[in-house]
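Colleague: Next input, structure requested:
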Amino acid sequence: MILTMRWPIARGDFPDFERPVATTARRATIFMFAALLPWLTGCAGTAARSSAAPRQRLPNIVVLYADDLGYGDLGCYRPESKIPTPHLDRLAREGLRCTDAHSSSGICTPSRYALLTGRYHWRKFHRIVNVFGPSVFAPERLTLPEMLRQRGYRTACIGKWHLGWDWQAIRRPEVATVKRGRRTVYPPTAFDWQRPIPDGPLAHGFDHYFGDDVPNFPPYAWIEDNRVVTTPTEPSGQWPRPPEGSPECRPGPMAADWRLDAVMPELTRRAVTWLHGQANDERPFFLYFPFTSPHAPIVPTAEFTGVSKAGPYGDFVAQTDATVGAVLGALDELGIADDTLVIFTADNGPEHYAYERSRRFGHRSQGDLRGLKRDVFEGGHRVPLLVRWPEQVRAGATTDALISQTDLMATLAAIVDTPLPDDAAEDSFDLLPLLRGRVDSGRESMVHNTFAHTFAVRRGRWLLLAGKNGSHTRVPKWFAAAEEFEANPHDHALFDLRADPGQRRNLCERHPEIVAELRQLLQRLRDQGHSAPRLGGS
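Modeller: Next comes the predicted model:
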């Protein structure tokens, strides 16, 4: 399938400029016009269309989103990896491998928000949604599935949501919580599980949801659409115990016979089943499949135990790769692989267990990057990004263009020929020309952040860390000594990532003029409320 139409927007071809904030009414007008445009042009051009080639069908879109996966875990990114990832390696061979792609944050919820809105998380919040926490989405905020649904897509989210629900709507106030240390624990009777849970995925653009919300948070139960499938009747347990690391399970209600190691197999089965259910529908579909793996609890099934040389985590990554293989296999079996855009990436870098893993097994989940999950150093947010789109994206290609996961929304808007309103996707650049090989560069700058007190800004080869230290995850002394990390005497650091991707040499004294320029850039990007222009053409 080859799309030859010219897209109406391109963000990244022009420098930043101030844009007025559109009203909600303006957004509604824009999308009403977008919805009516095919009908209007059809009425006006029936005679001309009779001799023209039929318009190509919009592509199906599948986004596979791994959880706490390292840049160095995949064989296609690090040949020395001790984890077999044949299906992800296949995806790289058949598509585009991006080597400088980044999540918005070094932790879960903020990265997911940014991917689904095209907006930096730090413009709204920094931390994760906690146990039984509310939604992070404002009702008027346009999301990626809402945009695609406007273009006639069927939309589904299967997997880890972790963006909040209105749990208070089903709360039984007469049932008291209990304190367990610093944690507030809800007993199973604290909620009316027969009632629908508002403000979840169905309230923000998805036609269907299936998952357990967060694998290590209550309720430990399946949720389908907006209802719990099996009533949680037990206090939480942690079965089976993970063979590596902590289960990290917060206490709370659990369905009887709940098993932590059954989550990924069931999500995989559900995703494949959903894909088969779309086979006879002429409308395109969007599947957002956020995995719960290889996030803790690290619980590979017996089938994958021992298949890697990187311990139980490596086995869990291999199981994650097999889930990718199951999705690709379903697309092949249904004969729709050539009509489907597949994107694979991750929400942030690997958890702190990666340090000990490197010592025990000689496997570096973060590759040669510095930092892990939570960190503003590269290892916290530089993630794998693979894109396969037959006849549109050249197979076996690699790009070192600077890419943010926020760019997904503007890029998909260009692909489906939908103009974005001014108050949506403020930090999203259209990278369709890059995907098609028409240009070899991505965005010029990017802001990195996890928690509120430390930011970094990237421009080209240079990265300014606007803080003394980019680590939020504690670095073991033995690892810091082996890596020869030097103490930073300054309140900031400047790195040349082209020459020093491991961020070991602070060049701020050598290039004070670049430090000053990047400080100004960071302040401007934080102040102006957006970073992506609206005009251009792909």
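Colleague: which residues of this protein fall in helices?
Modeller: 24-44, 46-49, 86-93, 108-117, 144-150, 263-277, 311-334, 353-361, 407-415, 432-435, 477-483, 512-527 (DSSP state H).
Colleague: Quick check: which of these is nearest to D368?
Modeller: helix 477-483 (10.1 Å; C-beta to C-beta). To be clear about C-beta, it is placed using only N, CA and C from the backbone, and glycine gets the same treatment.
Colleague: pretty sure A397 contacts R97?
Modeller: Yes. The pair A397 / R97 is scored as a contact, 7.2 Å apart, by C-beta atoms under 8 Å.
Colleague: confidence score at the closest residue to Y220 other than its chain neighbours?
Modeller: Using C-beta to C-beta, 6 or more residues apart in numbering and skipping the chain neighbours, the partner closest in space to Y220 is M254 (3.8 Å). Listed pLDDT for M254 reads 97.
Colleague: Check L435 too.
Modeller: Listed pLDDT for L435 reads 97.
Colleague: any idea what sits nearest it, other than its immediate chain neighbours?
Modeller: Closest to L435 by C-beta to C-beta, 6+ apart is V393, at 5.3 Å.
Colleague: dump the residue contacts of that neighbour.
Modeller: Shown in contact with V393 (C-beta atoms under 8 Å, 6 or more residues apart in numbering): G95, L96, V387, L435, R436, G437.
Colleague: picking that back up, for P188, find the nearest of the helices of the chain.
Modeller: The stretch from those with the least distance to P188 (C-beta to C-beta) is helix 263-277; that distance is 19.2 Å.
Colleague: So which elements touch the closest one?
Modeller: strand 154-160, strand 208-213, strand 285-290, helix 311-334 (3 or more C-beta pairs under 8 Å, 6 or more residues apart in numbering; DSSP states H and E).
Colleague: Packing partners of the third one?
Modeller: Right, the one you point to is strand 285-290. So strand 285-290, by 3+ C-beta pairs under 8 Å, 6+ apart, packs with strand 60-66, helix 144-150, strand 154-160, helix 263-277.
Colleague: In this protein, what helix or strand scores lowest on average pLDDT?
Modeller: One helix or strand of the chain scores below all others by mean pLDDT, DSSP states H and E: helix 46-49, with a mean of 30.
Colleague: ok, now how distant is A262 from V185?
Modeller: Between A262 and V185 the distance is 23 Å, computed by C-beta to C-beta, to the nearest Å.
Colleague: And S471, by the same measure?
Modeller: 31 Å.
Colleague: try R505
Modeller: Using C-beta to C-beta, we find R505 at a distance of 48 Å from V185.
Colleague: which one of the two has more residues nearby?
Modeller: Remark: of R505 and V185, V185 carries more neighbours, 18 against 13, as counted by other C-beta atoms under 10 Å.
Colleague: picking that back up, so between A397 and R97, which is more surrounded?
Modeller: R97 (22 against 14).
Colleague: Between the contacts of V393, which sits nearest H448?
Modeller: Of the contacts of V393, the one sitting nearest to H448 (C-beta to C-beta) turns out to be V387, at 21.7 Å.
Colleague: contacting residues around the closest one?
Modeller: Contacts of V387 (C-beta under 8 Å, 6+ apart): G95, L96, C98, L341, V342, I343, V393, L435.
Colleague: What are the buried residues along stretch 281-293?
Modeller: Within stretch 281-293, the residues that count as buried by 16 or more other C-beta atoms under 10 Å are P284, F285, F286, L287, Y288, F289, P290, F291, T292, S293.
Colleague: Would you mind measuring the gap between the ends of it?
Modeller: Taking C-alpha to C-alpha, to the nearest Å, the first and last residues of stretch 281-293 lie 30 Å apart.
Colleague: And for stretch 183-196?
Modeller: 26 Å.
Colleague: what does it contact?
Modeller: Residues beyond stretch 183-196 that count as contacts (C-beta under 8 Å, 6+ apart) turn out to be 131-132, 167, 169-172, 175, 177-179, 218-219, 226-228, 231-235, 250-254.
Colleague: how far is it from where the chain is centred?
Modeller: Mean-position distance between stretch 183-196 and its chain equals 29 Å (C-alpha atoms, centre = their mean, to the nearest Å).
Colleague: Check stretch 208-220 too.
Modeller: 17 Å.
Colleague: same question, stretch 197-206
Modeller: Relative to the centre of its chain, stretch 197-206 is centred 18 Å away, using C-alpha atoms, centre = their mean.
Colleague: Same check on stretch 96-106?
Modeller: How far stretch 96-106 lies from its chain's middle: 10 Å, per C-alpha atoms, centre = their mean.
Colleague: Please save the CA atoms from that stretch in PDB.
Modeller: Only the C-alpha atoms of stretch 96-106 are listed here, as PDB (Å, rounded to 0.1, in the frame of the first residue of the first chain):
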ATOM      1  CA  LEU A  96      13.400   1.300  10.600                       C
ATOM      2  CA  ARG A  97      15.600   1.100  13.700                       C
ATOM      3  CA  CYS A  98      15.900   4.500  15.600                       C
ATOM      4  CA  THR A  99      19.000   4.900  17.700                       C
ATOM      5  CA  ASP A 100      18.200   8.300  19.300                       C
ATOM      6  CA  ALA A 101      14.600   8.000  20.400                       C
ATOM      7  CA  HIS A 102      13.300   9.000  23.900                       C
ATOM      8  CA  SER A 103      10.400   8.700  26.200                       C
ATOM      9  CA  SER A 104       9.200  11.900  27.800                       C
ATOM     10  CA  SER A 105      10.100  10.700  31.300                       C
ATOM     11  CA  GLY A 106      12.200   8.200  33.100                       C
END
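Colleague: Please consider this matter closed, and thank you.
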